[in-house]
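In: Provide a 3D model corresponding to the input given below.
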Amino acid sequence: MRQHKLALCKHHFLEWIPAQTERFIKKYEMFTRYQKILVAVSGGKDSLSLWDILIKLGYQVDGLYIGLGIGDEGGYSDLSRQMCENFSRERGQKLHIIDIKRKYGETLPQIAQRTRRGKNKACSVCGLTKRHVMNQVSKNFNYDVLVTGHNLDDEAAVLFGNTLHWAGDFMIRQAPVLPATPGFTRKAKPLCRFYEKEMAAYAILSGIEYIYEECPYSIGSTSIYYKQQLNRLEHNNPGEKLRFYLHFLKAKESGLFVLPDEISQDLHECSNCGQPTSADGICSFCRMFDQIEGMI
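Out: You can find the predicted model right below:
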């Protein structure tokens, strides 16, 4: 691992990853062993590895899988669900499964086709839907913290894109931890300082079965393009992605980005689903369904 000036054998690597995860959890005060944790799993290497790590570290953690209905029968969504079910069954862990078609009447691709969300609308609808469902499940089942498997490559790509466009509102909210607010569960990203390659190595060396295919809708996405550019920087300067992200967090600590009080407090309940929203009347998730003929 040139980025850390470190080389480890399999045995010590599988000790190092959980130990570092525990260090990040404590450093950013993400959660404690007395809290109920919900991990969002997709069937991929990062989320399943995170679940595995938290189990080994002794945390109270259940899984949440959201079936989006992507691909034909036996395709992407079916395979990813199978990976999550296999993982939870083999380890005797609880897994919540929310099927979008069963819950809302259509698959995510069908919903996306009938919205007016513009370019890359499948990804836009997917993100909006997953955020809504994750928060809903975590609140309904009284989880203290919702955790996701975002790795350093994910976080650096998001930061890179937001910096290019000076998307201040998004940069303000990017952090390893988002505190709980009325209606929103606390969120944490324990893998935010691990490279994607490190998590892939952990999954393979741990014998975790995961889906290798990328979501078909991610092909050609801007996030993949940003990752490619950052990988070029990383190749010539090992550790560049980590420095980019850590310097951003340090800048936030020094007060470079401050969330105005009027923005942070301007929330009320959606008149339709009851979840918090800053919009008048109903939230953006419910408003999306208002745009679809024959729904709501």
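In: look at residue 30 and give its secondary structure.
Out: For residue 30, the assignment made with DSSP: H, G, I helix; E, B strand; the rest coil gives coil.
In: residue 86 versus that one, what's the distance?
Out: 27 Å (CB to CB, to the nearest Å). Bear in mind the C-beta positions are built from the backbone N, C-alpha and C, glycine included.
In: neighbour count winner among those two?
Out: residue 30 (21 against 15; other CB atoms under 10 Å).
In: contact partners for the closest residue to residue 68 other than its chain neighbours?
Out: Sequence neighbours aside, residue 108 is the residue nearest to residue 68 in space, at 4.1 Å (criterion: CB to CB, 6 or more residues apart in numbering). Remark: with contacts taken as CB atoms under 8 Å, 6 or more residues apart in numbering, residue 108 is in contact with 68-70, 100, 122, 125-126, 129.
In: any regions of this structure where pLDDT drops low?
Out: 116-120, 257-266, 293-296 (pLDDT under 70).
In: leaving out chain neighbours, which residue sits closest to the spatially most central residue of it?
Out: Nearest to the mean C-alpha position of the chain, counting by CA atoms, centre = their mean, stands residue 148 at 4.1 Å. Nearest non-adjacent residue to residue 148, counting by CB to CB, 6+ apart: residue 40, 5.1 Å away.
In: ok, the one you found to residue 95 distance?
Out: 11 Å.
In: need the residues touching each of those two.
Out: 63-64.
In: quick one on the thing from earlier: contacts only, for the residue nearest to the centre of the chain.
Out: Per CB under 8 Å, 6+ apart, neighbours of residue 148: 39-40, 47, 50, 187-189.
In: same thing with residue 154?
Out: Here residue 154 is in contact with 196, 223 (CB under 8 Å, 6+ apart).
In: if I look at the residue lying closest to residue 95 once chain neighbours are set aside, how far off is residue 185?
Out: Residue nearest to residue 95 in three dimensions, not counting chain neighbours: residue 88, with 3.9 Å by CB to CB, 6+ apart. Between residue 88 and residue 185 the computed distance is 21 Å (CB to CB).
In: next one: residue 28
Out: Counting by CB to CB, the gap from residue 28 to residue 185 is 16 Å.
In: equivalent analysis for residue 166, please.
Out: The gap separating residue 166 from residue 185 is 29 Å, by CB to CB.
In: for residue 272, same thing?
Out: From residue 272 over to residue 185 (counting by CB to CB), the distance is 20 Å.
In: check residue 94 too.
Out: Relative to residue 185, and taking CB to CB, residue 94 is found at 17 Å.
In: ok, now residue 18?
Out: For residue 18 relative to residue 185 (CB to CB), the value is 24 Å.
In: how about the strands in the stretch 151-296 of the chain?
Out: Using DSSP state E, counting those that start in this stretch, the strands of the stretch 151-296 of the chain run over 177-178, 186-188, 268-269, 276-277.
In: residue 18 and residue 185: who's more crowded?
Out: Using other CB under 10 Å, the more surrounded residue of residue 18 and residue 185 is residue 185, with 19 against 16.
In: so who does that one touch?
Out: Contacts of residue 185 by CB under 8 Å, 6+ apart are 38, 135, 138-139, 143-146.
In: just the element for the closest residue to it other than its chain neighbours, please.
Out: Spatial nearest neighbour of residue 185, excluding adjacent residues (CB to CB, 6+ apart): residue 138 at 4.0 Å. In this assignment (DSSP states H and E), residue 138 forms part of helix 121-140.
In: other SSEs contacting that helix?
Out: Helices and strands touching helix 121-140, by 3 or more CB pairs under 8 Å, 6 or more residues apart in numbering; DSSP states H and E, are strand 36-40, strand 60-67, strand 95-99, helix 108-113, strand 145-147, helix 284-290.
In: deepest-packed of the ones you listed, please.
Out: Comparing those by mean neighbour count (mean count of other CB atoms under 10 Å), strand 145-147 ranks first with a mean of 24.
In: so how far is stretch 180-190 from its chain's centroid?
Out: With CA atoms, centre = their mean, to the nearest Å as the basis, stretch 180-190 stands 12 Å off its chain's centre.
In: oh, I was asking about stretch 64-76
Out: That offset, for stretch 64-76, works out to 17 Å (CA atoms, centre = their mean).
In: again with stretch 203-223
Out: Using CA atoms, centre = their mean, the offset of stretch 203-223 from its chain centre is 13 Å.
In: among the contacts of residue 148, which ones are buried?
Out: 39-40, 47, 50, 187-189 (16 or more other CB atoms under 10 Å).
In: need those residues in TSV (columns: distance to residue 58).
Out: Shown next, in TSV, are the buried ones among the contacts of residue 148 (distance: CB to CB, whole Å):
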residue	distance to residue 58
39	14
40	20
47	19
50	14
187	21
188	16
189	20
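In: no further queries at this time; thank you.
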